[in-house]
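S.K.: sharing a sequence plus its predicted fold:
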Amino acid sequence: MSKQEEYIRKPEWLKIKLNTNKSYTGLKKLMRDKKLNTVCEEARCPNIHECWSERKTATFMILGDTCTRGCRFCAVKTGLPNELDWGEPERVADSVEIMGLKHVVVTAVARDDLNDGGAAVFAETVRAIRRKNPGCTIEILPSDMKGDYESLHTLMDSEPDIFNHNIETVRRLTKRVRARAMYDRSLTLLQRVKEIAPNTPTKSSIMVGLGEEKEEIVQAMDDLLAHDVDIMTIGQYLQPTKKHLNVERYYHPDEFAELKKIALEKGFRHCEAGPLVRSSYHADEQVNQASAQRRIKYMKGYENQENKTVDFTF
């Protein structure tokens with residue numbers, strides 16, 4: 001099979017069901033009206049219809065739509081970013097409230113042009129969401145912030161419910177796959193989160209299909225566990241465009257099931273593994289018990305309020 005044929009042809013299990021219902025189209029309009037970005041759209045996530053239409057979860061991408069890095073797997077555009085938008089945290093919080101989200105993931109483009117990597121705006125976004133949506137659980141997915149410990153403290157002071165940072169691939173392939181990122185720096189970042197907030201679940205993700213061996217995947221599991229990571233997600237790498245890294249092979253769903261079994265047996269508290277699994281997949285199920293109870297309490301109150309319904313007609 002030629003590289004062109006490999007790019008075009010995908011196995012049957014990678015076909016997705018589109019669901020452009022009122023919830024989906026309304027959310028999409030809201031994002032444009034509020035001038036917000038979502039990684040669901042920018043990174044061409046295959047689960048966007050399920051999350052937006054059915055699960056009441058979304059992943060906001062803050063700090064602009066332009067990344068200072070050029071990772072060879074990622075569809076987010078690269079270049080010189082815009083000035084910081086300090087109105088963005090409130091717009092994100094307003095959108096979460098309008099949508100009635102029960103769980104939100106906040107990620108960001110890498111901002112290596114900023115001394116704190118954008119940590120201050122990131123932290124204010126978490127606080128703004130919690131002020132307006134006290135029952136919504138919040139997961140953050142930052143860059144490595146170049147390993148700056150002070151910036152990490154700034155971010156963790158906002159008390160997110162889950163801290164997520166992806167190693168993306170196995171150690172051997174990191175330099176080829178992740179621009180300016182370092183495998184060990186990412187592991188150290190995850191470890192430091194546990195030192196700052198021992199009760200906050202930590203999470204990381206890898207893509208498969210980039211040329212890694214099974215033994216290297218298992219080693220990545222061991223590396224994450226050695227740095228006190230609680231949750232792991234494993235998904236199929238899908239080439240966004242012909243300019244990105246080629247898919248070396250497609251893993252069968254049975255192989256993902258085996259990897260999930262290995263991860264859970266090794267000691268991960270939670271693992272999602274599948275062809276269409278992404279870092280934020282079913283993220284609402286991964287919060288700790290205290291966060292889950294807070295969400296149940298407030299969301300029940302939200303749903304019982306008279307005349308308060310989520311209206312996507314605009």
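M.R.: Received the coordinates, thanks.

S.K.: how about the strands in the chain?
M.R.: In the chain, the strands defined using DSSP state E lie at 37-38, 57-62, 103-108, 137-141, 162-164, 202-208, 231-236, 270-274.

S.K.: which of those sits closest to Glu90?
M.R.: strand 57-62 (11.7 Å; CB to CB). In this view, the C-beta of every residue, glycine as well, is placed from N, C-alpha and C.

S.K.: would you mind writing the CA trace of that closest one as CSV?
M.R.: Taking Å, rounded to 0.1, in the frame of the first residue of the first chain, the C-alpha atoms of strand 57-62 are listed here in CSV:
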residue,chain,number,x,y,z
THR,A,57,-18.6,18.1,28.3
ALA,A,58,-16.3,20.4,26.3
THR,A,59,-12.6,21.3,26.0
PHE,A,60,-11.8,25.0,25.8
MET,A,61,-8.5,26.1,24.3
ILE,A,62,-7.3,29.4,25.8
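
S.K.: how far off centre is it?
M.R.: On the basis of CA atoms, centre = their mean, to the nearest Å, strand 57-62 sits 8 Å off its chain's mean C-alpha point.

S.K.: could you do stretch 201-210 as well?
M.R.: 10 Å.

S.K.: looking at the strands of the chain, which is nearest to Ile196?
M.R.: Between the strands of the chain, strand 162-164 lies closest to Ile196; by CB to CB that is 9.2 Å.

S.K.: low-confidence stretches in the stretch 151-300 of the chain?
M.R.: For the stretch 151-300 of the chain, the stretches flagged by pLDDT under 70 are 281-300.

S.K.: hmm, 50 instead?
M.R.: For the stretch 151-300 of the chain, not a single residue meets the criterion pLDDT under 50.

S.K.: all helices of it, in order?
M.R.: 174-177, 183-196, 214-226, 253-266, 289-304 (DSSP state H, counting those that start in this stretch).

S.K.: nearest to Glu83, out of these?
M.R.: Nearest to Glu83, of the helices of the stretch 151-300 of the chain and by CB to CB, is helix 183-196 at 26.2 Å.

S.K.: re the thing from before, export the helices of the stretch 151-300 of the chain as JSON lines, with columns for distance to Leu101 and mean neighbour count.
M.R.: Output for those, formatted as JSON lines (distance: least, CB to CB, whole Å; neighbours: other CB atoms under 10 Å):
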{"stretch": "helix 174-177", "distance to Leu101": "31", "mean neighbour count": "16"}
{"stretch": "helix 183-196", "distance to Leu101": "23", "mean neighbour count": "18"}
{"stretch": "helix 214-226", "distance to Leu101": "28", "mean neighbour count": "17"}
{"stretch": "helix 253-266", "distance to Leu101": "27", "mean neighbour count": "16"}
{"stretch": "helix 289-304", "distance to Leu101": "9", "mean neighbour count": "14"}
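
S.K.: between these, which gets nearest to Val76?
M.R.: helix 174-177 (14.4 Å).

S.K.: starting at the chain centroid, how far to that closest one?
M.R.: 19 Å.

S.K.: shouldn't Leu276 be in contact with Leu14?
M.R.: Yes: counting by CB atoms under 8 Å, Leu14 is a contact partner of Leu276 at 7.1 Å.

S.K.: and the two? which has more neighbours close in?
M.R.: Taking other CB atoms under 10 Å, Leu276 and Leu14 do not tie; Leu276 has more neighbours (18 against 13).

S.K.: how near is that one to Thr233?
M.R.: 11 Å (CB to CB, to the nearest Å).

S.K.: skipping adjacent residues, who's closest to Arg180 in space?
M.R.: Once flanking residues are discounted, Arg180 sits nearest to Arg69: 5.2 Å by CB to CB, 6 or more residues apart in numbering.

S.K.: how about Val170?
M.R.: Glu216 (3.9 Å).
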